[in-house]
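Undergrad: Below are the sequence and a predicted model; questions follow.
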Amino acid sequence: MRFSKTVSERKRASLWILLSALAVLIVPCGTAMTQRLEQPNASKKYETRAVWVATIFGLDWPSRSRGRPAAEQKQELLGIFSDLGRQHFNTVYFQVRSRGNALYKSSLEPWALELTGHLGQDPGWDPLAVAVEAAHEQGMEIHGWFNVFKVWGGGNRVPRCKPLHVALAHPEWVKHVGDEIWIDPGIPEARQYIVDVIVDCANRYDLDGVHLDYIRYPGVSFNDRESFRRYGQGRNREEWRRQNISLFVQELSRRLRETRPWMKIGAAPIGIYKNIEGVKGWQAYSAVYQDSRLWLREGWLDYLAPQIYWGLKSKGSRIDVAALARDWFQNAAGRNVVAGLAAYKKNVANHLERLIDTMRVVGLNGQSFFRYAFIRTNGFFKQRYAVRALPARMSWMRLKPPPPVTFSVIRTGKGNRVEWKAPTGAQSIRWFVVYRGDGMKPDINDPRNIYRTFFRDRFQFLDTSGLDTHQYVVTSLSPSGLEGPPEEAIPVPVSTVAPLLARVYHPALSISLYPHGNILLVGYTLSERSHINLRILGSDGREIVTLVDEEKPPGIHVAGIALDHLPVERMTLRLESGSFKANRDFSFPD
């Protein structure tokens, strides 16, 4: 089969898939038009918008359903993620280890008592697995939030359970501090145990990040005389303590980079690193031995979410939060800093809009709110988060930019169905971003055009509010926020597709080729749901491109590829479905 179109005349276009013969196929086209942001406080395209979801004592979840049936707990959990998605958040720090326990299946630590009322009792379901799926369904990142060295609190004795809680399994590792129990960071075996716990979870769940809390000593009076005698080696005690915490961060980072090089690693340090002018208080560096700036400089962490838990100085705060935020920004060592804001404090909650504006002006990479229960009813997000944003980029992560995504738009009576396809084996893709414009191709640099973000396992969605004037662009996103280039697409009117559909006969499994401009259309029919592999092979039998490799429902289907993606030689179109194989040879003129 020969076509008159020459290679030099072919224009670059996208590979696209059409799944319905009864729908009008319109692929977005047009010239991008730059649109200025009109809102004075509009966010950047890249801005982390995070929330801490606390599970300790059921503070955020499971709250009403604590100890209740699994179905009720699950419904409440799904409701949290759905609510955050509606409010245009893009990141959740979900507490999975609050005090030496687990909100997930673990052979190392016992089930959290918040789930059933009994430490170590299996709730019959996996909350973290559900949370990961729910977050990704809403287009949000989920970071597992681990309380590191604090492993018990509340004054109650640790009950016996299986597996044993670390305080019972290794009493030589822990110290009682008031009504709390802390692991001694000076004991190497204890640090290694916590690293193993976190890495085990990160390796078994599709988390986007690991988020560390209580990554410190409880205070200067901590009783570590014995561990200092054994491991201090004559060093200054304060330096030794800081080194113990930093050794933990270094080892955890090393282990995670080996198995999850794309995973984000962050921490929530005390809000004041060291006192500066206008900022006097509890200092992380000297009071709890957190040297978080070292962690950034060494590249062990990708971001910090310091607990900047004060209100505005103009509203009576003793802390100059703007000066504090600038101090964190100026010492970020090229990494990300997300401002942790105390939504639970009245003098903070009343001015969250102003605080968001302050953090944006300073240049921080986003905001995180402690905690969910105090932001779910706040209406101010309708103004400050009026449009969506993507999580702050992390360009230092050594990941390849993702490839372009080819896509199509199908106008149906129920709305616009947007479908896309990524190259086979594109490991650098973690997300797909769908942009929508009205009457023009959306400018992907304008966050107002971000319509939805989908996890890597989604390849279509139905925009039920879609109008005939809406145009779309789909791009791919790496775990670090690198975005693939948008592909140009070519409009194909339904009048062109109709002759092709007339050539495809139901119910036999058959294939037809039809040229249109610089696009090769391929039609096939299925009498039953089948897995389809549709490829174009070169004259030497090598694969040039895979058009379809997935399960398809019965009916008529059309796939297409731009001619300039194909060589000038004799080729074979091969369709396989189970034991069925069909070939069609074709070529282009020189």
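TA: Sure thing, it's come through. Keep in mind that what you see is a predicted model, and the values were worked out from it rather than measured. Numbering: from 1, shown residues only.
Undergrad: What are the boundaries of the helices in the stretch 151-300 of the chain?
TA: 166-169, 188-204, 225-231, 237-259, 284-287, 292-297 (DSSP state H, counting those that start in this stretch).
Undergrad: Alpha carbons only: can I get the fifth one in CSV?
TA: Listed in CSV are the C-alpha atoms of helix 284-287, where the atom choice follows Å, rounded to 0.1, in the frame of the first residue of the first chain:
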residue,chain,number,x,y,z
ALA,A,284,16.8,23.4,67.3
TYR,A,285,20.6,23.4,66.9
SER,A,286,21.5,23.7,70.6
ALA,A,287,18.3,22.7,72.5
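Undergrad: contacts for it?
TA: With contact meaning CB atoms under 8 Å, 6 or more residues apart in numbering, helix 284-287 is reached by 216, 219-220, 238, 242, 269-274, 290-292. Heads up, the C-betas are built off the backbone N, CA and C, glycines and all.
Undergrad: buried residues in that helix?
TA: For helix 284-287, a neighbour-count test (16 or more other CB atoms under 10 Å) marks 284, 285, 287 as buried.
Undergrad: just the second one next, same as before
TA: For helix 188-204, the buried set under the neighbour-count rule, 16+ other CB under 10 Å, comprises 190, 191, 193, 194, 195, 197, 198, 199, 200, 201, 202.
Undergrad: In a markdown table: the residues you listed, plus pLDDT and distance to residue 346.
TA: Putting these into a markdown table (pLDDT from 0 to 100; distance: CB to CB, whole Å) gives the following:
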| residue | pLDDT | distance to residue 346 |
| --- | --- | --- |
| 190 | 98 | 39 |
| 191 | 98 | 38 |
| 193 | 98 | 40 |
| 194 | 98 | 35 |
| 195 | 98 | 39 |
| 197 | 98 | 36 |
| 198 | 98 | 34 |
| 199 | 98 | 39 |
| 200 | 98 | 40 |
| 201 | 98 | 35 |
| 202 | 98 | 36 |
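Undergrad: Distance to residue 302 added to these, as a markdown table?
TA: Formatted as a markdown table, the buried residues of helix 188-204 follow (distance: CB to CB, whole Å):
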| residue | distance to residue 302 |
| --- | --- |
| 190 | 25 |
| 191 | 21 |
| 193 | 24 |
| 194 | 19 |
| 195 | 17 |
| 197 | 20 |
| 198 | 15 |
| 199 | 16 |
| 200 | 20 |
| 201 | 18 |
| 202 | 14 |
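Undergrad: Out of the residues you listed, which comes closest to residue 452?
TA: Nearest to residue 452 among those: residue 202, at 26.8 Å, using CB to CB.
Undergrad: so who does the closest one touch?
TA: Counting by CB under 8 Å, 6+ apart, residue 202 touches 144, 210, 256, 259, 260, 263.
Undergrad: Can you give me the distance of the second one to residue 189?
TA: The one in question is residue 210. Distance, residue 210 to residue 189, by CB to CB, to the nearest Å: 21 Å.
Undergrad: And for the last one?
TA: Residue 263 sits 25 Å away from residue 189 when distances are taken as CB to CB.
Undergrad: cool, the fifth one as well?
TA: Counting by CB to CB, the separation of residue 260 from residue 189 is 24 Å.
Undergrad: The third one too?
TA: Look at residue 256 and residue 189: by CB to CB, they are 20 Å apart.
Undergrad: And for residue 409?
TA: From residue 409 to residue 189 the distance is 58 Å (CB to CB).
Undergrad: OK, contacts around the closest residue to residue 231 other than its chain neighbours?
TA: If the residues on either side of it in the chain are set aside, residue 231 comes closest to residue 186, at 5.7 Å by CB to CB, 6 or more residues apart in numbering. Residues counted as contacts of residue 186 (CB under 8 Å, 6+ apart) are 224, 227, 228, 231, 232, 240, 241, 244.
Undergrad: what helices or strands is the top strand by length along the chain leaning on?
TA: Criterion DSSP state E: the longest strand present in the chain is strand 543-552. For strand 543-552, the elements it packs on are strand 530-537, strand 555-562, judged by 3 or more CB pairs under 8 Å, 6 or more residues apart in numbering; DSSP states H and E.
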